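Participant: Sharing a model prediction with you, sequence too.
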2 protein chains.
Amino acid sequence: MNTILVVGSVGLDNVKTPFGETREALGGSATYASYAASFFSPVRMVAVVGDDFPKKHIATLEERGVDVGGVEIVKGKTFRWSGAYEYDLNEAHTLATELNVLEHFRPTLPAAYRKSDFVFLANIDPDLQLSVLDQIERPKYVACDTMNLWIKTKPAALKEVIKRVDFLFLNDGEARQFTNSPSLVKAGRILQSWGPKCVLIKKGEHGALMFEKNTFFAAPAFPLEEVYDPTGAGDTFAGGFIGYLARQEGGVTETLLRKAVVHGSVMASFTVEKFSLERLTSLTPEQIDARVRVLKQLAHFDLD
Amino acid sequence: MNTILVVGSVGLDNVKTPFGETREALGGSATYASYAASFFSPVRMVAVVGDDFPKKHIATLEERGVDVGGVEIVKGKTFRWSGAYEYDLNEAHTLATELNVLEHFRPTLPAAYRKSDFVFLANIDPDLQLSVLDQIERPKYVACDTMNLWIKTKPAALKEVIKRVDFLFLNDGEARQFTNSPSLVKAGRILQSWGPKCVLIKKGEHGALMFEKNTFFAAPAFPLEEVYDPTGAGDTFAGGFIGYLARQEGGVTETLLRKAVVHGSVMASFTVEKFSLERLTSLTPEQIDARVRVLKQLAHFDLD
């Protein structure tokens, strides 16, 4: 079993959807990714919070077995995000972002973390992603995620990150924005040409496209009757993916990558069923397995 | 091999996309559906055109083996549609619709057509769809398609059609509009409760969801580098589907339905590569088979 290092944001979210709203809920890219990954592999988390951060949230992560030794608690306010979703839930409208303690965060990895087999650079300032990469000793596999903000404000730093990772996650809008290509197939190929062996374009309720060396994988999403709150779905997807990948001892094969994508997709389908980590905190490995099997059945077709 | 009766519109289209434009091109729901279906099964086509309709378009259909004995040529102008697509190509913007001879069309089936095994009621006024259904003697299988216009203007007649078919096609926006449900899974179940055994919700480049008796099928779309013109994609999908279904002598099983959906999806992926029927007219059965196999490979994943 490999160890995963996750770096990213931890925050308190105010989210409003047509179905309800939540305030000061546990959120952030590192939170969702670490929590999801920990269902499959041991996770070490690197992040920063302010001294206003509720202890119960740290406890939530610890109860799942996440190693929070890399979560710094510094004087000041925790990162906060406020967002709203319209009736179709496809796009988050950011109402407010307060970086707070995230603004001056310069992660220093604990010595034990420098040897981590798998690294997931969750969505955060690409300069921070680079600084973490510089501190890691020869990881086996590095994946990263990002968002429209960094594509717009720090494209050069982001390209530098992308050049150094094995696997890149982004969503369909971001892929189009970054490559100036309306075609996702072209966008995926362009992104691959910038460095990563694989690119995964997330399409929300429509699944995902993974671009591998010579082919690609059209991954289904688990069709849900109700999507309650999409916040964290992408981070959960990535966490489930990297967790599943890290659990296997052998090399990263195409077959394994596809299985990992399916597990990521299923993990994300749980997150969106409730606010914050509410659904994930009651999730069991048996429920994950069962939904993966149902998804296989829903997506399967024979030709002969 | 079963015979398919297709009724729907035949028209001349003006289409503008970011990649070019075409004028007075062969179009219409019955045209695309019949042409696509004829790759798999014998097709009889019921439609109306004006005396301005170019003979070469009739020849195009006849060369594919479509029986055009049910295409009436009446005095007046052929149905015309003008539409435009934005850069993302996801939504057609109708610029003009001239019903012309379609306005007073009352289809009377040739005697030989009244015994048809499979019937596809392509998108057209639901009152016409009903009148065709009334003239058919005990068909084995009936499918229908529709559009937002009829959902808005003739919901009662459309529900009457839906009650009498085995299989209903519509796209995601139409499914949401008709059922007032933002969730496609719920929308599919609601539509099923109105009568049809199966409902297929088309999602364009994102594939389709087929709701069967107790389960559903998340069908992939063939990912294309370039989509040139989406006009007729839905009609082609339905035509490929019903054609494939009709080719098999046995009963309509779930396995067969899934294969038929995949074939419809692949047929649609060819249509959008060029304007009008340009790509379909050069298509070969070998190219269809090859793309179906690639799609299987792109969508496949193993669990164990």
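Facilitator: Done, it's in. Numbering: from 1, shown residues only, chains lettered A, B, ... in the order given.
Participant: in chain A, which helix or strand is least confident?
Facilitator: Ranked by mean pLDDT, DSSP states H and E, the helix or strand of chain A with the weakest confidence is strand A:92-98, at a mean of 91.
Participant: tell me which parts of the stretch 151-300 of chain A are close to chain B?
Facilitator: A:182-186, A:203, A:205-207, A:209, A:215-221, A:223-227, A:255, A:258-259, A:261-262, A:292-293, A:295-300 (CB under 8 Å from any CB of the partner chain). All C-beta spots, glycine's among them, are computed from the backbone N, C-alpha and C.
Participant: Take those and keep only those in helices.
Facilitator: If you go by DSSP state H, these have A:184-186, A:255, A:258-259, A:261-262, A:292-293, A:295-299 in helices.
Participant: residue of the stretch 51-200 of chain A with the smallest distance to chain B?
Facilitator: residue A:185 (4.7 Å; CB to the nearest CB).
Participant: and the spatially most central residue of chain A, how far is that from residue B:46?
Facilitator: For chain A, the residue nearest the mean C-alpha position is residue A:235 (2.4 Å; CA atoms, centre = their mean). Look at residue A:235 and residue B:46: by CB to CB, to the nearest Å, they are 53 Å apart.
Participant: ditto for residue A:115
Facilitator: Applying CB to CB to residue A:115 and residue B:46 gives a distance of 72 Å.
Participant: Looking at the two, which is more packed in?
Facilitator: The residue with more neighbours, out of residue A:115 and residue B:46, is residue B:46; 31 against 13, by other CB atoms under 10 Å in any protein chain shown.
Participant: In stretch A:214-230, which residues are buried?
Facilitator: A:216-224, A:227-230 (16 or more other CB atoms under 10 Å in any protein chain shown).
Participant: First-to-last residue distance for that stretch?
Facilitator: End-to-end distance for stretch A:214-230: 32 Å, by CA to CA, to the nearest Å.
Participant: Ramachandran coordinates for residue A:5?
Facilitator: Main-chain torsions, residue A:5, degrees, to the nearest 10: phi -100, psi 130.
Participant: What count of nearby residues applies to it?
Facilitator: Around residue A:5 there are 27 residues (other CB under 10 Å).
Participant: where's residue A:34, which helix or strand?
Facilitator: Element membership for residue A:34 (DSSP states H and E) is helix A:29-37.
Participant: centre of the chain versus that helix, how much separation?
Facilitator: 7 Å (CA atoms, centre = their mean, to the nearest Å).
Participant: hey, C-alpha coordinates of the next helix or strand after it in PDB?
Facilitator: Remark: after helix A:29-37, the chain's next helix or strand is strand A:43-50, criterion DSSP H and E. Extracted in PDB, the C-alpha atoms of strand A:43-50 (Å, rounded to 0.1, in the frame of the first residue of the first chain):
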ATOM      1  CA  VAL A  43      -3.300   9.900   3.400                       C
ATOM      2  CA  ARG A  44      -1.100  12.700   4.700                       C
ATOM      3  CA  MET A  45      -2.600  16.100   4.500                       C
ATOM      4  CA  VAL A  46      -0.700  19.400   4.100                       C
ATOM      5  CA  ALA A  47      -2.800  22.600   4.500                       C
ATOM      6  CA  VAL A  48      -3.300  25.600   6.700                       C
ATOM      7  CA  VAL A  49      -6.200  26.800   8.900                       C
ATOM      8  CA  GLY A  50      -6.700  29.700  11.200                       C
END
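Participant: How about residues contacting strand A:43-50?
Facilitator: For strand A:43-50, the surrounding residues in contact (CB atoms under 8 Å, 6 or more residues apart in numbering or on different chains) are A:3-10, A:28, A:30-31, A:34, A:37, A:61, A:65-79, A:100-102, A:105, A:107, A:109, A:113, A:116, A:132, A:243.
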